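Peer 1: Below: sequence and its predicted model.
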Amino acid sequence: MPPGWWEHRVPGLTHWTDVSVYELHIRDFSATDPSVPHHLHGKYRAFCRQHLYPNEPRRLSHGLAHLKSLQEAGLNHIHLLPSYDFGSVPERPEEQAYVQEDLSQYPPDSERQQQVILSIADRDAFNWGYDPVHYGVPEGSYSTAPDGPMRILEYREMVQALHSLGLRVVLDVVYNHTFASGPYSQNSVLDKIVPGYYHRRQEDGEMCHSTCCNNTASEHRMFERLMIEDITHWARHYRVDGFRFDIMGHHFISNMTAIRNALNSLALERDGVDGRHIYIYGEAWDFGEVALNQRGRNASQHNLGGSRIGAFNDRMRDGAMGGSPYQPPDCQGFATGLATDPNGAHHQGSAQEQLATLLHRTDWVRFALAGNLKDFEAVVADGRLLAGQHDTYHGNQPLAYGCDPAENVVFNGCHDNEAIFDQVMMKVGSHVDADGRARVCGLSHALVLLSQGVPFTHAGDDLLRSKSLDRDSYNSGDWFNRIDWTGQHNNFGVGLPPASKNQHAWPFKQPLLAAADRYRPTPEIIARQAAYFKALLRVRYSSPLFRMPTAEHIKQQLRFHNTGPQQVPGVIVMQLHSSWQPDHGTWDHKYRQALVVFNARPEPFECGFPEGGEWYKLHPALAALQDDAMVQLCTADNEGKRLHVSARMAAVFVQER
């Protein structure tokens, strides 16, 4: 055990709606950080100050300094991409391939960079790791000594180090498939124990592969037991504070309920951890052989209401950013200028059609902001007062499906698909400059960070991180996945993204990359947007009104203005009221109310105070951004009772007690 393991404190948590998540790949964190000693690049110990700088115990690497600054602003959970033993990376450094060429010499839209990366992609040190081999064992490639118990010690050191920064740790778990099956592969484990039992079959006996490969059968009792015992193993022996379930919809409500109950039974005195404070969430997509409850009530969005298990809310992402991962990449949404700042894409329809689409998708964003609650009511685009479950998403699905705000994991970007900066690059019009694009990114973050529920951010998105338009960087090496924690370069324009996942879109992406010098943000723009992101975190944690713990509180204390068919397009106005007494709802001892204006329009927006509003001021966390002129132009005129909000900006106004 690391020194102090049994005694070290885990950061506390009151409500699950207090959770905020920063999704981070262990290798991304340090592989290209020049402040980290070379032998710790991509390792567990890159999180540990005592190993980074043994003679300077207070010194932080660039990456640790960034995490600490986020924690000081309010962030409290680090979600680590898979860190169990996976099969897609050679564990020993001497077995790993490395780039031997200076890729920076090539143009921003060159094919050469991806050719070099792909030539070693299956032999280098990088992979996301969604290829499980041994579930209960830490991955060896992240250890300085993969052979033997050192990986166990170093994993615990990493968790302890993150706890010491005030950050809780989430483990990404992949129980929906295994890397291999059958009797012959060295990476096949379960199929060698009881052949055929642990994997799901089609009616004709063929193995199901809808997740990607080798689908597991969590409807079988012993696989469910494996899941339960592995989860409690990580909680008890590694003190992990949360779990994110990959393709959770391929498991069943009964599985997830059993896991939740097992975690709830963990007691601090007996197990060293209070399992009731461990948050679980996942991808509740409904597809494949389990779709529509074909094999039982699966853990998909439409079944999770009331479970208090979090599910990624794609309604916010698609409404705010536009389209979906399966539609053309230049589809626009609320934040990216649909109808209010069109990009000229003909498939989006006429101006009138775009406006109709925008108003409907703005409703998607509103219901996500309000916790994605089935029975939350709001006036929708056609003027009707509707509960969220009675509005529609992509034509045939209920818009809202949750019963509790803790079930609402709000995101606009994650490791899958393009980073937020890259989405914005593809969606906004060519006339929008680097500053305007950065503002759109900031607005997309505001929609997430000021939502009821659990906000989720992909690492580096706050620094305008780019993967050079790569839509699936799982095997794209350090080159396309780099993060510059100092904010000097955002990695846009480092070559065409790998052909394996992107070649069909090269004709669309190449001109954007060729213009990298025009659109790439300067260090000053990156620093400004990083400061805005942290200010939004401070806003969230300055008031419980942004983290209401129950559906009833949200229904009583949150309302929207500027709704219905006569609304000003591209503007959302959200009003949050404190309860009148501490025991009658969510009480804010500092503010009577907060008013949030999300202005996605390319010009400033002005409006009158809403009914009951008086003596507003810009939230102190935003007012403190003295170097951001656009934020400083967001003002409340208390004499004329008018609000002014800059273009492509979210502003929060508060009424003090």
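Peer 2: Thanks, I have it.

Peer 1: residues of stretch 589-596 that come out buried?
Peer 2: By neighbour count on 16 or more other Cβ atoms under 10 Å, the buried set for stretch 589-596 is Tyr591, Arg592, Gln593, Ala594, Leu595, Val596. To be clear about C-beta, it is placed using only N, CA and C from the backbone, and glycine gets the same treatment.

Peer 1: mean confidence score for the host helix or strand of the last one?
Peer 2: With secondary structure defined by DSSP states H and E, Val596 is part of strand 591-599. Per-residue pLDDT values across strand 591-599 average out to 97.

Peer 1: next one: that strand to chain centre, how far?
Peer 2: 24 Å (Cα atoms, centre = their mean, to the nearest Å).

Peer 1: Setting aside sequence neighbours, what's the nearest residue to Asn475?
Peer 2: Ala121 (4.8 Å; Cβ to Cβ, 6 or more residues apart in numbering).

Peer 1: What is the neighbour count of the one you found?
Peer 2: Look at Ala121: counted by other Cβ atoms under 10 Å, it has 19 neighbours.

Peer 1: And it, how far from Gln503?
Peer 2: 14 Å (Cβ to Cβ, to the nearest Å).

Peer 1: can you check Val631 too?
Peer 2: According to Cβ to Cβ, Val631 stands 41 Å off from Gln503.

Peer 1: Those two: who's more crowded?
Peer 2: Comparing Val631 with Gln503 by other Cβ under 10 Å, the one with more neighbours is Val631, at 23 against 14.

Peer 1: Show me what whatever helix or strand the more buried one lives in is packed up against.
Peer 2: Assigned by DSSP H and E, Val631 belongs to helix 629-632. Where contact means 3 or more Cβ pairs under 8 Å, 6 or more residues apart in numbering; DSSP states H and E, helix 629-632 is packed against helix 620-623, strand 649-656.

Peer 1: Quickly run through the sheet partners of the last one, with directions.
Peer 2: Think strand 649-656. strand 591-599 (antiparallel), strand 617-618 (antiparallel) (DSSP bridges).

Peer 1: Out of these, which is closest to Leu359?
Peer 2: With Cβ to Cβ, the closest approach to Leu359 among the strands paired with strand 649-656 belongs to strand 591-599: 14.5 Å.

Peer 1: then the closest one to PDB, C-alphas only?
Peer 2: The C-alpha trace of strand 591-599 is given here as PDB (Å, rounded to 0.1, in the frame of the first residue of the first chain):
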ATOM      1  CA  TYR A 591     -29.200  35.100  -3.800                       C
ATOM      2  CA  ARG A 592     -33.000  35.500  -4.100                       C
ATOM      3  CA  GLN A 593     -32.800  34.500  -7.700                       C
ATOM      4  CA  ALA A 594     -30.500  34.000 -10.700                       C
ATOM      5  CA  LEU A 595     -31.300  34.900 -14.200                       C
ATOM      6  CA  VAL A 596     -29.300  33.300 -17.100                       C
ATOM      7  CA  VAL A 597     -29.400  34.600 -20.600                       C
ATOM      8  CA  PHE A 598     -27.900  32.300 -23.300                       C
ATOM      9  CA  ASN A 599     -27.400  34.500 -26.400                       C
END
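
Peer 1: next SSE after it?
Peer 2: Remark: after strand 591-599, the chain's next helix or strand is strand 605-608, criterion DSSP H and E.

Peer 1: gap between Pro342 and Asn127?
Peer 2: Taking Cβ to Cβ, one finds Pro342 at 39 Å from Asn127.
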